[in-house]
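# pasting the sequence and the predicted model now:
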Amino acid sequence: MAVHPSAIVDSAATIHESAEIGPYCVVGPEVEISRGTRLMAHVYVDGLTTIGEGNCFFPYSTVGVAPQDLKYRGESARTLIGDRNQIREFCTIHRGTDGGGRLTTIADDNLLQAYAHVAHDCRVGSRCLLAHSATLGGHVTVEDHAAVGAHCGVHQFCRIGAHSYIGGFSVITRDVLPYSLVVGEREARTFGVNKIGLERRGFPKEEIQALHKTFRILTKSGLNTDQALARIAEEVSDFPGLIEIRKFIEGSERGFVK
């Protein structure tokens, strides 16, 4: 492996021979780094942390450090990073806690832009974007293909649905529906379907139109959630996205952004 002379790598760490550890990086004893992953410079990796293949950590990012949770008492907890993620400058990723399964996970092919923060016990799926200074409170779930805009704050225990897009500077205190477009500095609101994102991913035109109708009924009809879902069942044909939205709503504990 390529380890810069100024790097401090604990002898107990497990580092693949094709990994690269750049200048002034620090790697703790319980860290495992897989094939082709690169720590550019000044990267700090600590705790029981497993990092997959082909990741790139830019300068001053930190991974697996102790969480900023007052209930944390030093219990053993993991951080799991998948493959081909880009972790940009000054990102912070914290390990899990006893109250959240002792696990923070980031799956594959994600981009975390500069200063993004992933707090303890978060679950980030694959092909997600956390833009500059996006902040996830503890226990947040971000599903596949979701995008969280710059300087957004996501409250603890919220869920961000698949293929959703949150505009910059939004404050999220409730769940964000899959496929939705959400924005709001003081109180986030759903403005319909993430049309551009779905078109880029090849969603059929008919499905996007059905989603438009679904969101109009859910967020603008004045009906309560049960009534809205009943009307959707009558007026909108079943398709995979609609089934996913129903399941997402059924599993919501905080309510969702309307």
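Thanks, I have it. Numbering: from 1, shown residues only.

# C-alpha only now, for contacts and for neighbours.
OK.

# what segments of the stretch 151-258 of the chain are helices?
Assigned by DSSP state H, counting those that start in this stretch, the helices in the stretch 151-258 of the chain fall at 195-200, 205-220, 225-235, 240-250.

# give me the beta-bridge partners of the residue nearest the centre of the chain?
In the chain, the residue lying closest to the centroid (Cα atoms, centre = their mean) is residue 124, at 3.3 Å. Under DSSP bridges, the beta-bridge partners of residue 124 are residue 106, residue 142.

# wait, it touches residue 107, no?
Yes: contact criterion Cα atoms under 8 Å: residue 124 and residue 107 qualify, at 6.2 Å.

# common neighbours of these two, please.
Shared contacts of residue 124 and residue 107, defined by Cα atoms under 8 Å, 6 or more residues apart in numbering, are absent.

# tell me the domain ranges of this structure?
Per automatic domain parsing, the domain ranges recorded for the chain read 2-142, 199-250.

# and the helices of the stretch 151-258 of the chain, which is most packed in?
helix 205-220 (a mean of 18; mean count of other Cα atoms under 10 Å).

# so how far is that helix from its chain's centroid?
Centroid displacement of helix 205-220 relative to its chain, using Cα atoms, centre = their mean, to the nearest Å, is 25 Å.

# next one: stretch 40-51
Centre-to-centre, stretch 40-51 and its host chain are 18 Å apart (Cα atoms, centre = their mean).

# next: stretch 187-203.
Stretch 187-203 has its C-alpha centroid displaced from the chain centroid by 17 Å (Cα atoms, centre = their mean).

# and if you look at stretch 151-158?
Relative to the centre of its chain, stretch 151-158 is centred 10 Å away, using Cα atoms, centre = their mean.

# what does the average pLDDT come to for it?
Averaged over stretch 151-158, pLDDT sits at 98.

# end to end on it, go ahead and measure it.
Taking Cα to Cα, to the nearest Å, stretch 151-158 runs 17 Å from one end to the other.

# could we number from 8 for the rest of this?
Sure thing, new numbering starts at 8, so read that last one as stretch 158-165.

# give me the nearest residue to residue 212, chain neighbours excluded.
Closest residue in space to residue 212, ignoring its immediate chain neighbours: residue 206 at 7.9 Å, by Cα to Cα, 6 or more residues apart in numbering.

# same thing with residue 235?
Nearest residue to residue 235, sequence neighbours excluded (Cα to Cα, 6+ apart): residue 225, at 5.5 Å.

# mind checking how far the one you found is from residue 252?
According to Cα to Cα, residue 225 and residue 252 sit 10 Å apart.

# got it, and residue 123?
27 Å.

# go on, residue 263?
To residue 252, residue 263 is 11 Å away according to Cα to Cα.

# so who does the closest residue to residue 175 other than its chain neighbours touch?
Nearest residue to residue 175 in three dimensions, chain neighbours excluded: residue 156, at 4.2 Å (Cα to Cα, 6+ apart). Contact analysis of residue 156 by Cα under 8 Å, 6+ apart lists 136-139, 141, 172-177.

# what does residue 131 give?
For residue 131, the contacting residues are 112-114, 148-151, by Cα under 8 Å, 6+ apart.

# quick one, what contacts residue 108?
Applying Cα under 8 Å, 6+ apart, the residues contacting residue 108 are residue 128.

# so what's it scoring on pLDDT?
95.

# distance of it from residue 164?
13 Å.
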